[in-house]
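Chemist: Quick one, fold the following:
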Amino acid sequence: MYVSVKGGAAAIRRAHALLADRRRGRRDVAEIAPAQIDDQLALAVDRVMNEGSLFDRRLAALAIKQARGDLVEAAFLVRAYRTTLPRFGASRPIDTAAMAIERRISATYKDLPGGQILGPTFDYTHRLIDFGLEAGETETVDHTLEWAEPATSETIAETAIGTVPRVTELLALEGLVEDEAPGADDAPVGDLTRAPLRVPAARDVRLQQLARGDEGFLLALGYSTQRGYGSTHPFAGEIRFGAVEVEIDVPELDFPVPLGRIAVTECQMINQFAGSASVAPTFTRGYGLVFGQSERKALAMALVDRALRTEELGGEVVAPAQDQEFVLSHADNIQATGFVEHLKLPHYVDFQAELALVRQMRAEHEARAAAHAADDEIALAEAAQ
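Modeler: Predicted coordinates for the structure are as follows:
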């Protein structure tokens, strides 16, 4: 037994060395640096920060390099590192109304106050491989056009609250969308980093789980609601991406202290609601808020958030996306990875037990089959006489 353990440890060390060699790749190709990943593969960094549940671009880029581009593994690394960090307080709720907007679109109003800001997006590009990128060519920029400046600390300071109203605020003026009053300042807020998930969960906990859930899983669930597995008819009321201030209250001071700025994407989904005996027909909301420019994730999150509100709005839970236990228990790809990939670990004893059981069952099955065959032969012989 000792020899097996010792041999296994040596094999693991060699596997680590081989992994490091494969991570480096060909020596005639320049090694990629985390700063390049952060700058040029920014959307991958945004995804890892979301699913790793930590806003740290440098760390996420380093994790992507360490994981050889496996974004789920990179998120796993970030999530594990997050658990080692001290917790010194909670920030104020970020004010997305004061966002320094870099991109803002609405599928419900063409000419909305504040305007549509297309920003950086793949939405209007042809899905054709650009082989010029392989040769190091860059797209020519037409400098005769007017370009919006990217979000900066200066533009944040210049952006006044209320100058770019949300679409839901326009509907609220007519009473056409459900009220969503903020909770009391001293109301307890769930924290998945300190308490395990329990279902049924309140909406604050559900949104936390969705925000760090697997993008592909949420995308599939959101898509399922659009295909009829859930009674919703959604409209993308507004998607906005930009920088927001993060502030924290310090007991010794009578004003909030700014900690810095983070980039976020917010999605307000609008859904039909027929109303009830006590509530007039109106629109209901689905909400998504994620780190970085992660529009697909924010859209999917908003769709699933609204689906999970089915029961509280008087609907019947009939589809997977409406089932809290199903959605919340399977959204976290870190937990899913651990449970699925543990199948790669040794299960020798378990399998030998299963193997012995199957062999015993087969022997019993063959014995019964032989007995039946013998009985049939006797019956045939008796019939022939």
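
Chemist: what sits against D21?
Modeler: Contacts for D21 (C-beta atoms under 8 Å, 6 or more residues apart in numbering) come out as none. Every residue, glycine included, has its C-beta placed from N, CA and C.

Chemist: and it, helix, strand or coil?
Modeler: Under DSSP: H, G, I helix; E, B strand; the rest coil, D21 falls in the helix class.

Chemist: Tell me, what's the model's pLDDT at it?
Modeler: Listed pLDDT for D21 reads 92.

Chemist: What are the boundaries of the strands in the stretch 101-250 of the chain?
Modeler: For the stretch 101-250 of the chain, strands defined by DSSP state E, counting those that start in this stretch occupy the ranges 234-248.

Chemist: for it, what spans make up the helices?
Modeler: 153-158, 167-173, 203-211, 215-226 (DSSP state H, counting those that start in this stretch).

Chemist: Pull the residues that contact the longest one.
Modeler: With contact meaning C-beta under 8 Å, 6+ apart, helix 215-226 is reached by 47, 50-51, 210, 230, 232, 234, 294, 296-297, 299-304, 306-307, 319-321, 327, 330-331, 333.

Chemist: can you pull the buried residues of it?
Modeler: Buried residues in helix 215-226, counted by 16 or more other C-beta atoms under 10 Å: E215, F217, L218, L219, L221, G222, S224, T225.

Chemist: What of stretch 234-244?
Modeler: P234, A236, G237, E238, I239, R240, F241, G242, A243, V244.

Chemist: From these, pick the one nearest R261.
Modeler: A243 (4.6 Å; C-beta to C-beta).

Chemist: residue contacts, the nearest residue to I37 once chain neighbours are set aside?
Modeler: Closest residue to I37 apart from its sequence neighbours, by C-beta to C-beta, 6 or more residues apart in numbering: A61 at 4.0 Å. Going by C-beta under 8 Å, 6+ apart, A61 touches P34, A35, I37, D38, L41, V45.

Chemist: Check which element follows the helix or strand hosting the fourth one along the chain.
Modeler: In this structure, D38 is located in helix 34-40 according to DSSP states H and E. For helix 34-40, the succeeding helix or strand toward the C-terminus, using DSSP H and E, is helix 42-52.

Chemist: Helix 42-52 and the helix or strand following that following helix, what's the angle between them?
Modeler: Counting by DSSP H and E, the next helix or strand C-terminal to helix 42-52 is helix 57-66. On the basis of axes from the mean of the first three to the mean of the last three C-alpha atoms, to 10 degrees, helix 57-66 is oriented at 100 degrees to helix 42-52.

Chemist: Compute the inter-axis angle for whichever helix or strand comes after helix 57-66 and helix 215-226.
Modeler: Per DSSP H and E, the first helix or strand lying C-terminal to helix 57-66 is helix 71-82. Put simply, helix 71-82 runs at 120 degrees to helix 215-226, going by the same axes, to 10 degrees.

Chemist: All set, thanks.
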